[in-house]
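> build me a model from this:
(one chain, ligands or ions: 3)
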Amino acid sequence: MRQITVTEQLLLHQKASPMATGRFTRLLNELILAAKIVSREVNKAGLVNILGLTGDVNVQGEQVRKLDELANGIIIHRMQRAGLLCAMASEENADIIEIPPQFAHGDYILLFDPLDGSSNIDVNVSIGTIFSIVRRTHDEGQVCMEEVLQKGENQVAAGYFIYGSSTMMVYTTGDGVHGFTLDPSVGEFLLSHPNISIPERGRVYSVNEGYWNYWDEPTRNAVNYFKSGRNKRRKPYSLRYIGSLVSDFHRNLLSGGIFMYPRDFRDPKKPYGKLRLLCEANPLAFVVEQAGGAASDGDRRIMEIEPSELHQRTPLFIGSREDVRTAVSFYKDQSA
Ligand code: AHG
Ligand code: MN
Ligand code: MN
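Residues are numbered from 1 along each chain as shown. Ligands and ions are numbered 1, 2, ... in the order given. Sure thing, here's the model as predicted:
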């Protein structure tokens, strides 16, 4: 196959996708450079002292791992200088990240999870970076929270990087989903998965069954549907759960299946599950819908949810359209 770089792909789609402007191409290329640097650090994590915990606790109340912090710093440092953003929001930062006055500003806002799957960092299981891009809604001035708290339908681009057996990037600008694989010998992401389309129904379900005791009835019924033979396939789905959302999502995107992170009742204060709407659910919802799949919180499309706070969480059912529709049907009766 002729080797097509990300820039060529964007220019090829220039007319079709309003996002494929020169500015957006530059923005994506800056993000790619940050991801290449993160990938380099991840690939040598075992050799230098960047494994383990920093001793800090982040805004999510989670132990911060050195690589979380390193990836976060790399992306912020790089993207502040891109001259295309007016603000950023990271899973690791409590508040909006402003662009210092000495750097040129643009009208895009980048929201990201710098390192997804942190619990897997020290045990050499694939992890990733998830990103979402929206355009600011005011013409100028200080970016305000309401410009960052935009529903998923407003995203102009979204995607993720996976640091695994190879480093891959998958993204959409609303004109299909395309996957690129990093060729380390030339340092370029080359088109390896053009026009990704997710199978309508899969053979895999991904959920942490260790929380069975914290689930409600609809969740147990939904999980039982996939693990018993009582489904349209007449045989059980396989359970695959890596513990890195980006990796579980990517496998299901390519070969079909459903990822579920339902609400659970471990912590009565947080009955909405663990995953974050803005930095995890929205970007992957944009990708999966562009690939013909679906993403729901059990009640409505993820991309319809009007965010009310920066780090709000949401239950997540995402993947093959028919599997998501079935899983969500177990909650319908409850809300009826
Ligand atoms: P992050 O490392 O960014 O906090 O994300 C971890 C998330 C997600 O990647 C994964 O699917 C989920 O946590 C696993 O959670 P459990 O360990 O509770 O199953
Ligand atoms: Mn994450
Ligand atoms: Mn993270």
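> rest of the way, CA atoms for contacts and neighbours
OK.
> quick check: residue 84 touching residue 105?
Yes: contact criterion C-alpha atoms under 8 Å: residue 84 and residue 105 qualify, at 5.5 Å.
> hang on, residue 122 in a strand?
No: under the criterion used here (DSSP: H, G, I helix; E, B strand; the rest coil), residue 122 is helix, not part of a strand.
> where's it relative to ligand 3, distance?
Residue 122 sits at a distance of 14 Å from ligand 3 (criterion: C-alpha to the ion, to the nearest Å).
> and for that residue, the neighbour number?
16 (other C-alpha atoms under 10 Å).
> then residue 192?
As a measure of burial, residue 192 has 18 neighbours, counting by other C-alpha under 10 Å.
> just to revisit the earlier point, between residue 84 and residue 105, which has more neighbouring residues?
Just comparing residue 84 and residue 105: by other C-alpha under 10 Å the higher neighbour count belongs to residue 84, 22 against 19.
> for the more buried one, give me its contacts.
Contacts of residue 84 were listed using C-alpha atoms under 8 Å, 6 or more residues apart in numbering, and they are 23, 27, 104, 105, 106, 107, 108.
> what's the answer for residue 106, then?
83, 84, 85, 86.
> could you tell me the phi and psi values at the third one?
Note on residue 85: its backbone torsions stand at phi -110, psi 150 [degrees, to the nearest 10].
> name the residues of the stretch 101-250 of the chain found near ligand 1, please.
113, 115, 116, 117, 118, 208, 243, 244, 245 (C-alpha under 6 Å from any ligand atom).
> contacts only, for the nearest residue to the third one once chain neighbours are set aside.
Spelled out, it's residue 116. Counting by C-alpha to C-alpha, 6 or more residues apart in numbering, residue 128 is the residue found nearest to residue 116 once chain neighbours are left out, at 5.1 Å. With contacts taken as C-alpha under 8 Å, 6+ apart, residue 128 has the following neighbours: 114, 115, 116, 117, 160, 161, 162, 163, 244, 246, 247.
> surely residue 128 is in a helix?
No: when classified by three-state DSSP, residue 128 is found to be strand rather than part of a helix.
> pLDDT score for it?
Note for residue 128: predicted pLDDT of 97.
> can you pull the residues of the chain lying near ligand 3?
With the criterion set to C-alpha under 5 Å from the ion, the chain comes near ligand 3 through 113, 115, 116.
> try 8 Å this time
By C-alpha under 8 Å from the ion, the residues of the chain that approach ligand 3 are 68, 91, 92, 113, 114, 115, 116, 117, 118, 129.
> next step: the residues you listed restricted to helices.
Counting by DSSP state H, the part of these found in helices is residue 68.
> and the helix ranked longest in the chain, C-alpha only, in CSV?
If each helix of the chain is counted by residues according to DSSP H, the longest one is helix 22-43. What follows is the C-alpha trace of helix 22-43 in CSV, where atoms were taken according to Å, rounded to 0.1, in the frame of the first residue of the first chain:
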residue,chain,number,x,y,z
GLY,A,22,-4.1,24.1,7.6
ARG,A,23,-4.5,25.2,11.2
PHE,A,24,-6.1,21.9,12.2
THR,A,25,-3.4,19.9,10.4
ARG,A,26,-0.8,21.9,12.4
LEU,A,27,-2.7,21.3,15.6
LEU,A,28,-2.8,17.5,14.9
ASN,A,29,0.8,17.4,14.0
GLU,A,30,1.8,19.2,17.3
LEU,A,31,-0.3,16.6,19.2
ILE,A,32,1.4,13.8,17.2
LEU,A,33,4.8,15.2,18.2
ALA,A,34,3.8,15.2,21.9
ALA,A,35,2.5,11.6,21.5
LYS,A,36,5.8,10.5,19.9
ILE,A,37,7.6,11.9,22.9
VAL,A,38,5.2,10.2,25.3
SER,A,39,5.6,7.0,23.3
ARG,A,40,9.4,7.2,23.6
GLU,A,41,9.1,7.7,27.4
VAL,A,42,6.6,4.8,27.8
ASN,A,43,8.8,2.5,25.8
